[in-house]
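# task: produce atomic coordinates for the following.
(3 chains)
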Amino acid sequence: MFDREYSFRGKHAQYVKDLVDKDKAGLFNRNIDVYILAPIIGYLYGRKAKEDTGELTTKIFAEQLHKEQIKLKFIYRLIMLLDDTYELTTEEKINRAFREKDNIENMQIYESYVLGGVEYLHEKLFDGKLNADDYLHGVYELVDDFYQSLSIREEEQDIYDIIKKYG
Amino acid sequence: MLLKSLTLNNFRVYKGEQKIVFSTNRDKNVTVILGKNTSGKTTLIQAFKWVLYGKTDFVTADFLLNLEVASKLLPGDSADMKVVLELEHNDVEYIVTRKQKYLCISTGEVKPEQAKVIIQYKLPNGQVSFEKNYIDTINKILPEELSEYFFFDGERIGNLGSNNRRGRKDIANAVKGVLGLNVLDTTITHLSGGDKISVIGKLKNSIDTQGDKKFEQKKKTMEQLREKLNKATKLVDDFEKTIDYYSMEIEKKEKLISEHRDTAELKKEMDKNAAEISINSRNKEKKEHELKKVFSEKAPMFFMQPLLYKAIKMIEDYDLVDEGIPEMHSEAVDFLIKRGRCICGRKIEIGNEAYNNLMKQKNYLPPQSIGTMLRVFMTNANHFSNMASSFHEEFINIYKELRTFKKKISDLHSINESISDKIKDKPNIGVIEAKVRELKKKLNTLQRDREEEIKNQAIYKNEIDKLDKEIKVLASTFEKNKFVLDCIEYAEYILDILTTHYNAMEKTIRKKLEKKVNEIFAQMYHGNRTIKIDEDYIYEIETPIIDNDFQKKADESKGLETVTSFAFISGIVSLAKAKIDKSFGNETETYPLVMDAPFSNADEIHVENISKILPEVAEQVIMFIMHKDWKYAEKVLGPKLETMYELDKQSETYTIIRGEVNV
Amino acid sequence: MKVDKAKAIALIKKILSAEKENLKTKAYNREQMAEKIKKMIEEEVRKCY
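So this is what the prediction gives:
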């Protein structure tokens, strides 16, 4: 897991290029930064997508993935714990998250969130934007809208306690 | 002499027949003609000159026919051009007509014929008769050489007031002309030994050297020295002309600079703003970079917060965490299974209870046990959550700062745009200031060069004098030369008398002029200002007491010039009047004054004062005023006005004189 | 040689008259006038010889 080169293909490759290229939005420094954020976004906003056929590709090198393994594995486990595609029980979800390795189906679920997240990010941060100021404002809106929706503050407290207990 | 009317017929820009009637009323003795620059004011003044004396100062002095009329002529056609001046002198009414026919020849060219003059006068019984001796008649009415002291165009007025070379020459000539010193002046020029073609020069040249080489050498040297002196004198003159020109240019430009000082200031502000925009742009870029960095690093943590919450809850509910045996690894179980016997001693066989239990336990031991993994997971979650908690605030702050820079840049751009609009059509002061510096440098060089030449002049004169004496001594040794030397002596004697006399007379008139000008000043400045005119006609204005009325310096200097020029005009006119009256036995003859009024830059105070003294200067005043200056002049001159005209420029070749009678 | 005042005055009268006339008619140029005056002076001085 996360030890081989990864390629975005077809329209998703274009989307990632749009988000990363300095000539375009230039909002992310590297492809992998998109790759890290995208699945979270994809799951949050319920977006899954299939891999696109198309000649265009843009890569993430194996070394980069390797360096970010901790983050990547964490996010993977998070998605596996929460995804409800197959209506699993809690135990099954935990197993899926922590025990199963190199399961193709699981990776497919994960990647569908990655691609769905890419699509969402492209919609929110690239479409209809004309200049550098627009792009940055798009990011601001994304962050701020989300912040507003984190309405239940008390739950944050609970998490904090729990984490303290186990961490 | 009073001017009654001027009628122009195809004279220059005045196409067709156009007439101006002048005010001859004692109390309302001012005629105003409004006109912008280039509308034809100077042409009108020239029309007077032409009808009276057949002369103009135009570059195309030969061709005076209106160009539009001229362009419509076909070969064989002809057009008439004429100017008619009605005037009154010694109670006699005169009509002076000068006309000129223009013929279009076969090549299409339009050529003027000889102009003809007719003077008619009205007899007491009402009959009209012709005056045959027109040159004499006109010169008795207004002598040509004095006419320029009754007609002043704008440039002359400006020169008079500004104490520059041309103005001084103007005054010097006035004095000479008025006094009739012209005769003396030319005589002195003809006599003086300055160069070869003068009387003394010729005489000296005819001194016989009788083959004496030394003598001949001296004569030659003398000639060369005279040449050098002439050249030096010419150089000095040229330098002075150029110095004058540069001084005027510098003055003009410095005036422009001071008028547009604001522009320079505004430009500075613009530059400052531009620099600030640069700084802010760089800062903005840095912030943008910062923002993207923070986002890249921490956004995932930020967005995963609700997911964390859910996941933690899920794990907590499942309550799995304690199931592992500390320090025991799955490999240990494999070992026991392989061994076939547990730690407690029981037998382990595939499928038996011990085996099943052990296999199940394996799930709770690393690497299968997830307790550790869960702990790791929780630690990470904790870490990420911390990162997230500060993210939002950090992000928002950077974004706000970014927006501040953006706004600052935008505001500065707006300011610069509006400043740019303001100064758009104004001259580039920096360029002009540089030009002024350049000119000043040139001026310095010129002045140095001039001084140099003046020194040379003195040296040459000295040498010439010395040599002259030597030559005379040598010459007198030869009998032949006695006659010539005697003639020279007479010539030099006469020259001396005439020169002394001339200088004395000139000084008298100059003093009279100074007195007259001071009289005017006295009226204007209540005795607080006096003027002194030296022998080169350079004047100096003394202000013993600083008057509170004239606090604004800029206004003061312009107004002062205006008043000064008026004072000079008034002084000259009074001298001219006195001269004419004396020559022709006129007792109380009146004279007109036609001038371009230098009422520029709204010197309200001075317009008033000048208007008050106008009646002193002339009994009939005809003034050209620009529309924009009429505002201020109207207040004072309005009551004195009987008729007002306006020059309506239709094109470069056609102006209409529009008349309006003031009630 | 001492200048005869009477002669000088006579010359001045002659010269100035000629100059005045010439200013009006402008018949002679500078060189010509200078020549004229020179001749006047020579004539007057010669009267002694």
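# what about A:G117, how many neighbours?
Residues lying near A:G117 (other CB atoms under 10 Å in any protein chain shown) number 25. Where you see a C-beta, it was placed from the backbone N, CA and C, and this is true even at glycine.
# oh sorry, the question was meant for B:D262
If we define neighbours as other CB under 10 Å, then B:D262 has 13 of them.
# B:K268 versus that one, what's the distance?
According to CB to CB, to the nearest Å, B:D262 and B:K268 sit 11 Å apart.
# distance of the residue of the stretch 201-350 of chain B found nearest chain C from chain A?
Scanning the stretch 201-350 of chain B for proximity to chain C using CB to the nearest CB identifies B:K202 as nearest, at 5.3 Å. Per CB to the nearest CB, to the nearest Å, B:K202 is found 91 Å from chain A.
# tell me which helix or strand the residue minimising distance to the centre of chain B sits in.
Nearest to the geometric centre of chain B sits B:K252, at 4.0 Å (CA atoms, centre = their mean). Per DSSP states H and E, B:K252 falls inside helix B:213-259.
# so is that helix next to chain C?
No: Helix B:213-259 lies apart from chain C when judged by CB under 8 Å from any CB of the partner chain; the minimum separation is 14.2 Å.
# A strand includes B:Q18, no?
Yes: counting by DSSP: H, G, I helix; E, B strand; the rest coil, B:Q18 is part of a strand.
# next structured bit after the helix holding B:K252?
Helix B:213-259 is succeeded, C-terminally, by helix B:261-303 (DSSP H and E).
# now the angle between helix B:261-303 and the helix or strand following that next one, please.
Sequence order places helix B:305-318 as the next helix or strand after helix B:261-303, per DSSP H and E. Angle, helix B:305-318 to helix B:261-303, by axes from the mean of the first three to the mean of the last three CA atoms, to 10 degrees: 20 degrees.
# over to A:G128: give its phi and psi.
As for A:G128, its main-chain torsions (degrees, to the nearest 10) stand at phi 70, psi 0.
# ok, the closest residue in space to B:D212 that isn't next to it in sequence - how many residues close by?
Nearest residue to B:D212, sequence neighbours excluded (CB to CB, 6 or more residues apart in numbering or on different chains): B:L474, at 7.4 Å. B:L474: 18 surrounding residues under other CB under 10 Å.
# elements contacting the helix or strand that contains B:L474?
Secondary structure from DSSP H and E places B:L474 in helix B:429-476. Counting contacts by 3 or more CB pairs under 8 Å, 6 or more residues apart in numbering or on different chains; DSSP states H and E, helix B:429-476 is packed against helix B:213-259, helix B:261-303, helix B:481-525.
# ok, now how distant is B:L474 from B:L225?
To B:L225, B:L474 is 16 Å away according to CB to CB.
# one step back: which one of the helices and strands packed on helix B:429-476 lies nearest to C:K47?
C:K47 lies closest to helix B:481-525 among those, at 11.2 Å (CB to CB).
# B:I429 and B:I257 touch, don't they?
Yes: the pair B:I429 / B:I257 is scored as a contact, 5.9 Å apart, by CB atoms under 8 Å.
# now the common contact residues for these two.
B:A264 (CB atoms under 8 Å, 6 or more residues apart in numbering or on different chains).
# with neighbour numbers in mind, choose between those two.
Between B:I429 and B:I257, B:I429 has the larger neighbour count (other CB under 10 Å), namely 23 against 18.
# I'm done for today, thanks for sticking with me.
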